Each structure stands twice: as structure tokens, then as C-alpha cells.
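[1] Quick one: sequence and predicted model below, then my questions.
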Amino acid sequence: MSNLRASEENDPFVNMVTARAEVDLRLSDFHPRSMLAAPEHEVLKPKFPVIDYHNHLDAQEPGEMLRVMDECGIERIVNITMHTGEMALEMIQKFHSVAAKRFATYGWMDWSDVQAPGFFERSVERLERLVEHGACGLKIWKDGSLLRIDDERLDPIYEKAAELGVPIMYHIADPDAFFLPIDAENERYEELAAHPEWSYNGSHYGKAELLEQRDRVISRHPKTTFVGAHVAEHPEDLAYVTKLLEKNANLHVDIGARCAELGRQPYTAREFFLKFPDRILFGTDLIPEVNMYRLHYRFLETRDEYFEYPSHASRQGRWNIYGLFLPDEVLRKVYRENAVRLLAKV
Ligand SMILES: [Zn+2]
């Protein structure tokens, strides 16, 4: 050592409070159990019916989904199909033929021929065709990395969406930590270690630039309804999302796969829900399972403290969350009413 003054060196109290150990335990083997004695409430059914506005059901069987939905109070799931072309239409059919009122389907932007002539006109026609077949929106994912998000040639797609009355959902960036090196300072180290392909570290555009490109498009098309997936991809900075929502009345956000982010800042997150009860959509972006949904209800409805957030297997970070105990009028809107409004055309 030591930074200690001579008078401190043999002091038992100073020695105690300055002691440290070099530990050698594999991170993957470290599973501390919380000793906190706090009330726990399992919420079996939501207080009001729920629409899951952000999920991916392509691999699921509609009958099995309905069983899960009935068991945990889900009125409807929006399947964001990851198929394009004829396969996308088949996905619409697969679910809507079983229970048209219990499912809805978002189309997926098809970038496969982005470099072929006529791509932009074709994209508008594809959107029209999807909506004719019952799609309730179009998701634009980051896989079109050959273009800037605010490329003006994409504008006709947004105009067409406005004309058809369906929203555009954006997912163009990712958590802040995905833009940093995968190292000992990365708060999502284990998640990125499991999914190194999720890292944007060293990518062409930084996160701030990607968000700016997206935000310009949202402002440029006030008649188009946009859904910013994953709390507009910036739940780490709810002040940013607050400004964005204040500036753009045409924007909604979903909370898909972001309970971890929201639940670790419960004071700020609760204020955010109370400020924008009409603009936030319940979504999960996780495999539909009974316990996954129940954890969401616990997060939104109770004031339980320090419990595990719903997540994919690799987790998102080594922290726990706190319940938001949202008031009934907020819950009703977030759980269902906002989604009903966006689904009005289907
Ligand atoms: Zn998703």
C-alpha cells in the first residue's frame, strides 16, 4: 500500500475499513442471492387487459400462444414478423386465420434489393400490399445499413404509411453500452459476450448520430405515426426521450425489453410514465411465457423493491429493478388503450 499516514498505519479501525481482497471467481459462477427482506407480490393477472405491442411470434404456434395469453390476461399480441415478401403474408395468415382479434402483424422492411433500380418505388408498393393483407404497421430495422436513416428517397414510404393510417416502428440503434468496447467497464459485458454480433463498437455511425438521423425523419413527417421501439432506444437518458416526445406529437414509444433500464431508475421512470400516459405502449420483445408477463405486471403495478427484471437468457446487466406502482388511469392506457388507437385501422 499505502496512502495511510503513519498514525493510521496500525490503527485497527483504519485497517478494517481500508482492507480489500484480490478475488478470483469466474463471473459466470457468481450468483449472489439478495438477503433483502422486502415484500414480494406475484401478479398473476394484470389489473386491466393487455396488448403486447412488440413481439416476434413467427416461430410460435397460435394455439399455444392463445393458451399463454388467456392464462395471463393478454388480449392481443402484435407479431412483428421478421419475414418479407410472400412469407410475411403467410405469417399474417397463420395467426389471423386462427384468431384475427387476438393477433396483429407488423411487416418488416425488405432491404434485400436495396441496390437494385426501383427499390424505393417497390418499397412503397410492398407496404401497400402488406397493409392490404392486414398488416398494422411496418418495422424499419437497422439491417439497411447501406443507407442513412434520413435518406430523402425513403420519404415516400413514410408518406404512404400516413395515407394508409399505419405506424412506422423504428429500431435503428441499441443500448449505449453496445457502442462501447466489450471490456471490464462495459455494464452489459455478459450480454455482449453472449452476443458479440450485437456490438456496434467501431461501427460507421455513433449512437448519437443514428438517433439524430431518426429524429430528423420523425420531425419531417408530422402526419406519420412513429413508434420508437425500446423507449426510442434511449431509456438510459429519459430526459432525451422526454424532449423527443415533447417535440413530436406523432411519436409513441414501446417499452419492449427495457424493464431493466426503466426499473433501475424508478423515480425518473415513474415520472416519465405519468408525464406521457398516452404515448407509451406495453411491449415485451421476449418469448411469450406466463412468468415473463407476470414479471412485467409486477414491475408496472407493484411497489416491490429490488427484484429480477424480465429478460432473455444472457440478462442485460447485473442489477435489479423496482416497481413503478402506476395509477390505474395510466395502466389502462399503457396496457391497452394506446395500442387500440394505433391498431384502429386493422
Ligand atoms: Zn423486437
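    Sure thing, it's come through.
[2] quick one: average pLDDT of the helix or strand where Glu125 lies?
    With elements taken from DSSP states H and E, the one containing Glu125 is helix 119-132. Within the predicted structure, the mean pLDDT of helix 119-132 is 98.
[3] helices or strands next to the helix-or-strand element of the chain with minimal mean pLDDT in the packing?
    When the helices and strands of the chain are compared on mean pLDDT, DSSP states H and E, helix 12-18 comes out lowest with a mean of 93. On a contact count with 3 or more C-beta pairs under 8 Å, 6 or more residues apart in numbering; DSSP states H and E, helix 12-18 meets no helix or strand. In this view, the C-beta of every residue, glycine as well, is placed from N, C-alpha and C.
[4] Figure out how far the helix or strand just after that helix is from the centre of its chain.
    Towards the C-terminus, the helix or strand next in line after helix 12-18, according to DSSP H and E, is strand 50-55. Centroid separation between strand 50-55 and its chain, computed with C-alpha atoms, centre = their mean, to the nearest Å, is 11 Å.
[5] Kindly spell out which helices and strands sit in contact with strand 50-55.
    Applying 3+ C-beta pairs under 8 Å, 6+ apart, one finds that strand 50-55 contacts strand 74-80, strand 280-281, helix 338-342.
[6] how about the helix or strand just after the longest one as PDB, C-alpha atoms only?
    So the one you mean is strand 74-80. Scanning the chain past strand 74-80 towards its C-terminal end, the next helix or strand to appear is helix 85-99 (assignment: DSSP H and E). As requested, C-alpha coordinates have been extracted for helix 85-99 and formatted as PDB (Å, rounded to 0.1, in the frame of the first residue of the first chain):
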ATOM      1  CA  GLY A  85     -42.400 -11.000 -49.300                       C
ATOM      2  CA  GLU A  86     -44.800 -13.900 -49.600                       C
ATOM      3  CA  MET A  87     -43.500 -15.400 -46.300                       C
ATOM      4  CA  ALA A  88     -44.700 -12.300 -44.500                       C
ATOM      5  CA  LEU A  89     -48.200 -12.600 -46.000                       C
ATOM      6  CA  GLU A  90     -48.200 -16.300 -44.800                       C
ATOM      7  CA  MET A  91     -47.300 -15.200 -41.300                       C
ATOM      8  CA  ILE A  92     -50.300 -12.800 -41.300                       C
ATOM      9  CA  GLN A  93     -52.500 -15.600 -42.500                       C
ATOM     10  CA  LYS A  94     -51.100 -18.100 -40.000                       C
ATOM     11  CA  PHE A  95     -52.200 -16.000 -37.000                       C
ATOM     12  CA  HIS A  96     -55.200 -14.000 -38.300                       C
ATOM     13  CA  SER A  97     -56.900 -17.200 -39.600                       C
ATOM     14  CA  VAL A  98     -56.900 -18.600 -36.100                       C
ATOM     15  CA  ALA A  99     -57.900 -15.500 -34.100                       C
END
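[7] buried ones in helix 85-99?
    Of the residues in helix 85-99, those scored as buried under the neighbour-count criterion (16 or more other C-beta atoms under 10 Å) are Ala88, Leu89, Met91, Ile92, Lys94, Phe95, His96.
[8] what's the closest non-adjacent residue to the last one?
    Of all residues beyond its chain neighbours, the one nearest His96 is Gly134 (5.7 Å), with distances taken as C-beta to C-beta, 6 or more residues apart in numbering.
[9] count of neighbours near the closest residue to Ser203 other than its chain neighbours?
    Leaving out its chain neighbours, the residue that sits closest to Ser203 by C-beta to C-beta, 6+ apart is Phe179, at 7.4 Å. Residues lying near Phe179 (other C-beta atoms under 10 Å) number 18.
[10] what's the answer for Asp285, then?
    By the other C-beta under 10 Å criterion, the neighbourhood of Asp285 contains 20 residues.
[11] So in that sheet, which strands flank the next helix or strand after the helix holding Glu125, and in what orientation?
    Note on helix 119-132: by DSSP H and E, the next helix or strand toward the C-terminus is strand 135-141. Note on strand 135-141: by DSSP bridges, its sheet partners are strand 103-108 (parallel), strand 168-171 (parallel).
[12] quick one, strand 135-141 and strand 50-55 angle?
    Orientation check (axes from the mean of the first three to the mean of the last three C-alpha atoms, to 10 degrees): strand 135-141 against strand 50-55 gives 40 degrees.
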